[in-house]
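S.K.: My questions are about this predicted structure, shown below with the sequence.
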Number of protein chains: 2
Amino acid sequence: MRISERALNIQASPIRKLVPLANAAKAAGKHVYHLNIGQPDIETPPEMMAVYKNFEEKVLAYGPSQGLEFYRKNLVNYYKHNRIELTADEIIVTTAGSEACFFALLATCNPGDEVIIPEPFYTNYNGFATWAGVNIIPLTTYVEEGFALPDSLQIEKLVTSRTRAIMLCNPGNPTGAVYSAEELGRVAQIALKKDLFVISDEVYREFVYDDEKHTSIMEFPEIRDRAIMVDSISKRYSACGARIGCIVTHNQEVLNALLKFAQARLCPPTLEQYAANAAIALTDEYFDQNINEYNKRRKTVFAELQKIENVVCKLPQGAFYIIAKLPLQNAEDFVKWLLTDYSLDNETVMVAPAAGFYATEGLGLDEVRIAYILNEVDLKKAMNIFRSGLKEYLEK
Amino acid sequence: MRISERALNIQASPIRKLVPLANAAKAAGKHVYHLNIGQPDIETPPEMMAVYKNFEEKVLAYGPSQGLEFYRKNLVNYYKHNRIELTADEIIVTTAGSEACFFALLATCNPGDEVIIPEPFYTNYNGFATWAGVNIIPLTTYVEEGFALPDSLQIEKLVTSRTRAIMLCNPGNPTGAVYSAEELGRVAQIALKKDLFVISDEVYREFVYDDEKHTSIMEFPEIRDRAIMVDSISKRYSACGARIGCIVTHNQEVLNALLKFAQARLCPPTLEQYAANAAIALTDEYFDQNINEYNKRRKTVFAELQKIENVVCKLPQGAFYIIAKLPLQNAEDFVKWLLTDYSLDNETVMVAPAAGFYATEGLGLDEVRIAYILNEVDLKKAMNIFRSGLKEYLEK
């Protein structure tokens, strides 16, 4: 009795696989600061939580496969406010961004087809690609260059007869990079020239710093029919557990396919859509407050990293992650050691080894991803532990 | 720019595709009785709804990929009560039964592999098979035989070198058939003989009538490592919109793969698991009441069908569906006509054409599936409309 090859080959989450070590540390009485996972500590808006309290329907019923109509209509306004023009019929509500990514791959690729993705990339793209039987072709970007996209020739070189799409995460997890309108324009040109779709994961849209402006893939009329946007409320409203996202495109043929994919799983969670809908009424002030908080954390974590000799990193412009190159051979060993062998005042810190974010073997081995998702007091303590831990580790 | 072949080929939901006609009928002022979809009218238990009202966490956070531990531990007791012995680590909570079915196919099949499924079958299996690139090999069963499984030779004849599993729905949607211990034992023997997995969708476990007892695929020790059970709370607690299910197996290798699939999509909805957990405390009395109600409806719908000349159907033993063979060529045309051209006192009825539940072309064209999910008063009215509509349609 053999299981499938994809079941054997699918990557274990490099973020979640060290959780048992963290649990063991906690069981031994150590406090662990978690900077390894993108679970924000920011409160879910009370406006959303009130929806759960006030829900008066007697039957928690199926909703429409494409999502509740009033929610999709309100999303149109949310997107309009973000300079993205579309209709409610061009939105399909999904079970989080995960399902949206998977559907995007299903709609554009046959098994064995290829999608070009800048690396390091969100590690779960590997999972969705495995589900869909799609091959990810990594386009390497570098910490020293702030993970900017390479020139068009470098990208075009990766296109083969099996390439169906370029997939971007903007702002980037795990890089924190924000692609400029110029960079995205180049991707659009390549899509036109090489007949490709562009799948853009924009779940961190609001998380952009220093008065930089986020540009959506939906703002390029020349690839109106080639752009597929993936979105999620998980980070935007600190509602990761709601599992509500959406997939958006102007391409009617793709929409027809997406709707059929959506029908197969009946519907996304119903009550959670009511909650997500309530969040749309939040004003810019809500985001300003949160982004201001994250901005402080970003500066804190960057300043703390700057204090460490021979650590390479750039100030990230978006999301809430930073990748740091450390002066050692194997960052995963160091991350494990922090959990199993190290503590400062009986506390330690957990970060994510970055190698799992690269598809090219051997890259990122000396890098870690830090998610700055704790309040400043804890973040400073955690980074202090990180710094002193690294010092001790290097002197071992 | 071409979309993928699977995007072009995936079946539109035969249940949901006629929804626009129903909407048009309603817009024109007609009342439509919906017997076409498995959305029960039974209230979601107040014990579940109270969880939403009383949830006091400030952050709606990610849960573990395998599901919340306290919920999985309580599920162990639920299953024990249903003569299924397992541990909390042998359960992975999924986003409804849909995801559980998909994961089961992913874990057992490579693209191009085959799964044998008795037809007519739950039409969304087609969608999950398309997602996974798996080919469904239909094992035809017949309304005249109450959709019982054919003898072992008939089943074995379908096994090829690409066959990886036999997938059952028990009790059956859309058939209402309940497989006996003898039938399941034969499937187990075939699985052993031919080296196959058995995937068993048991979401209608409690919906069994006339003192018949449901037998789970987990009750066959000879296929302890080959059995994969798919489950969902959608029908059990009339909580279709919660999107909580699970996948269960004793096979450690399959579990490892399932956990990695689960990690790729991070987690199922968090708060919905709290609600599902509250439902576990419901006693047999809860089910007795509901099953008693469905049993009355089952008898009503069957009695009403018996009144119509030349309609073939058997009294179903489980779930809340009945398939009826009608004295006409094309049941879908009739179903459409009921929505577009017919009404009785400005009311009409919607049922599901059954052809979409068959994989073999040409089968089921003269059959419909009726979901008896309305209260008896409405059900009688709806069946009266169905009967008089059919009479008029046949006399046209």
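M.R.: Sure, I can see it. These numbers were taken from a predicted model, which means no experiment stands behind them. Numbering: from 1, shown residues only, chains lettered A, B, ... in the order given.

S.K.: Leaving aside the residues adjacent along the chain, what's closest to the spatially most central residue of chain A?
M.R.: Nearest residue to the geometric centre of chain A (Cα atoms, centre = their mean): residue A:173, 4.4 Å. Once flanking residues are discounted, residue A:173 sits nearest to residue A:122: 4.9 Å by Cβ to Cβ, 6 or more residues apart in numbering or on different chains. To be clear about C-beta, it is placed using only N, CA and C from the backbone, and glycine gets the same treatment.

S.K.: I'd guessed residue A:111 sits against residue B:134; true?
M.R.: No: using Cβ atoms under 8 Å as the test, residue A:111 is too far from residue B:134 to be in contact (10.9 Å).

S.K.: can you pull the buried residues of the helix of greatest length in chain A?
M.R.: With secondary structure taken from DSSP state H, chain A has its longest helix at helix A:284-306. Residues of helix A:284-306 classed as buried: A:286, A:290-291, A:293-295, A:297-298, A:300-302, A:304-305 (neighbour count, 16 or more other Cβ atoms under 10 Å in any protein chain shown).

S.K.: still on that earlier bit, how near is the residue nearest to residue A:173 to residue A:352?
M.R.: 11 Å (Cβ to Cβ, to the nearest Å).

S.K.: Ok, residue A:243 next?
M.R.: 22 Å.

S.K.: for residue A:292, same thing?
M.R.: 25 Å.

S.K.: One more: residue A:360?
M.R.: When distance is defined by Cβ to Cβ, residue A:360 is 18 Å away from residue A:352.

S.K.: So which of the two has more stuff around it?
M.R.: Per other Cβ atoms under 10 Å in any protein chain shown, whichever of residue A:360 and residue A:352 has more neighbours is residue A:352, with 29 against 12.

S.K.: Now do the same contact list for that one.
M.R.: A:14-15, A:36-37, A:174, A:335, A:368-371 (Cβ atoms under 8 Å, 6 or more residues apart in numbering or on different chains).

S.K.: can you rerun that using 6 Å?
M.R.: When contacts are counted by Cβ atoms under 6 Å, 6 or more residues apart in numbering or on different chains, residue A:352 is found next to A:15, A:36, A:369.

S.K.: For the stretch 201-350 of chain A, which residues are neighbours of chain B?
M.R.: Within reach of chain B by Cβ under 6 Å from any Cβ of the partner chain, the stretch 201-350 of chain A has these residues: A:239-243, A:253-254, A:257, A:260, A:263-265, A:269-270.

S.K.: isn't residue A:6 right up against residue A:130?
M.R.: Yes: counting by Cβ atoms under 6 Å, residue A:6 touches residue A:130, with 5.1 Å between them.

S.K.: give me the number of residues near the residue lying closest to residue A:195 once chain neighbours are set aside?
M.R.: Computed as Cβ to Cβ, 6+ apart, the closest residue to residue A:195 that is not its neighbour in sequence is residue B:1, at 5.9 Å. Residues lying near residue B:1 (other Cβ under 10 Å) number 15.

S.K.: Just the closest residue of the stretch 1-150 of chain A to chain B, please.
M.R.: residue A:127 (2.4 Å; Cβ to the nearest Cβ).

S.K.: Just the buried positions in the helix or strand harbouring that residue, please.
M.R.: Using DSSP states H and E, residue A:127 sits within helix A:124-132. Buried residues in helix A:124-132, counted by 16+ other Cβ under 10 Å: A:124-132.

S.K.: Show me what it packs onto, helices and strands only.
M.R.: Applying 3 or more Cβ pairs under 6 Å, 6 or more residues apart in numbering or on different chains; DSSP states H and E, one finds that helix A:124-132 makes contact with helix A:96-108.

S.K.: one step back: my read is the residue nearest to residue A:195 is in a helix, agree?
M.R.: No: Residue B:1: not assigned to a helix; according to DSSP: H, G, I helix; E, B strand; the rest coil it is coil.

S.K.: how close does it sit to residue A:143?
M.R.: Distance from residue B:1 to residue A:143, counting by Cβ to Cβ: 34 Å.

S.K.: Same check on residue A:283?
M.R.: Applying Cβ to Cβ to residue A:283 and residue A:143 gives a distance of 36 Å.

S.K.: Among those two, which residue is more densely surrounded?
M.R.: More crowded of residue A:283 and residue A:143, by other Cβ under 10 Å: residue A:143, with 19 against 8.
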